[in-house]
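In: Could you look at this predicted model? Sequence included:
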Amino acid sequence: MLAAVCDEGRPAPGATVRVRFLNGLEGRGRASDPSAGWEPGSVIRSEWLEDRTGCPLCGEGGDRSSAPFQVLQLFWQVPVMECERCGLLYKGAVPTGRLSRHIYSGEYVHFAGGNQDLRMLASRVLRLGPPIGRHLDYGCGRGDFVRAAALAGWDSAGADPFLAAPSAAAPRLIRFDAADGPPCDLGSFDVISAWAVAEHLSRPLDTFRGLVGLLRPGGRLIFNSPNGASLAARRSGPSWTMATLLEHLAFFTPRAVGWMAAELGLRLTRLRRAGTPFPLGTTRGGAVEQGIVDLPVLAQAIEPAEGRLGPVPVSAPSLVQVIYRALLSGGGTGPPARVARAALDLLRLGDHLEATLAR
């Protein structure tokens, strides 16, 4: 949740005031009761969220979509729509450009902090196949997977539309948005990966079409996405962590993957259920984490007149969660991890999809 203080005293009800959020952002709000000063419902929605008019994958109008559930985004309930034509689940309102730029700043989790232990990426590197040529990791963040693939023998590069200015310290990382078309001098690739990318895309078909244009004949595109048709999505909807994250805009389903593959002229060679097994991967009731580290998470804990926050409860992991994490530890390449992944796929309990498309 956002929390805020109104620093203009106690204005008259209905007056437009400047609201200073605890994370440093500022916006406009409307004063409500003079005795309260500011309250969550007074924030002007259009400054933070903009409504969608249709499916971002196939372009079908919103009147051809149903709403299986809603999720809380900032202060507002937002419908998660299911497109009748292609099967994609998408949010009916998404962050404005201004809020998106704040989310994907240098403090975003995939850009900030130190480098990841590359051994934890071993299983993903193996899924690229034998290191036989050029590899591009799209949505590369700070480039951990690029380094892991390069160590395994790939001629690997990374790209991300939100990278900071090009750096001599990271010559293999390039900033571009595939939805607008990649640089003409980038060449072609044998394998393109897009890990934890699909759910962030506002123009998924344009983005994947741009990536396919970089694939050599016979090349493969590997991507994953939260599964909008999973048990977690169907049973836990409003508390499914993947849906509550503010920057997650859309969720592929097996039908949506098939629709997109046909539209792009690709062959779907593998579709695997992966991720977190149901009923894990959900938030606690009321404590809805929306994914922005510097935004508080409990609306109920806000004291509007003072802009202070109460304590945020943190739940200890369950025994099942501890066991599951242990199975996938050490890079997830050992026999226990392989058995766990096979069971998730067979039982269809995972909340993610992993797709391999071939040109």
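Out: Now that the structure is in, tell me what you want to look at. Everything numeric in this text was worked out from a predicted model, so none of it was measured.

In: show me where the stretch 201-350 of the chain has helices.
Out: 204-212, 231-236, 241-244, 254-264, 319-327, 335-347 (DSSP state H, counting those that start in this stretch).

In: out of those, deepest packed?
Out: helix 241-244 (a mean of 23; mean count of other C-beta atoms under 10 Å). C-betas here are computed from N, CA, C, even on glycine.

In: and it, how far out from the chain's middle?
Out: 9 Å (C-alpha atoms, centre = their mean, to the nearest Å).

In: From the contact counts, what lies against that helix?
Out: If contacts are counted by 3 or more C-beta pairs under 8 Å, 6 or more residues apart in numbering; DSSP states H and E, helix 241-244 sits against strand 65-73, helix 231-236.

In: which stretch in those has the least confidence?
Out: Mean pLDDT across these is lowest at strand 65-73; the value there is a mean of 90.

In: in its sheet, what does that one sit against?
Out: Take DSSP bridges as the rule and strand 65-73 pairs in its sheet with strand 76-83 (antiparallel).

In: what is the mean pLDDT for the partner strand?
Out: The model assigns strand 76-83 a mean pLDDT of 93.

In: rank the helices of the stretch 201-350 of the chain by mean pLDDT and give me the bottom one.
Out: Ranked by mean pLDDT, those end with helix 319-327 at the bottom, a mean of 66.

In: how about the residue lying closest to Pro226 once chain neighbours are set aside, what does it touch?
Out: Excluding the flanking residues, the one nearest Pro226 by C-beta to C-beta, 6 or more residues apart in numbering is Met242, at 3.8 Å. Applying C-beta atoms under 8 Å, 6 or more residues apart in numbering to Met242 gives the contacts Glu199, Pro226, Ala232, Ala233, His248, Phe251, Gly281, Asp351.

In: so can I have TSV of the residues you listed showing distance to Pro182?
Out: Formatted as TSV, the contacts of Met242 follow (distance: C-beta to C-beta, whole Å):
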residue	distance to Pro182
Glu199	21
Pro226	25
Ala232	33
Ala233	32
His248	24
Phe251	25
Gly281	33
Asp351	30
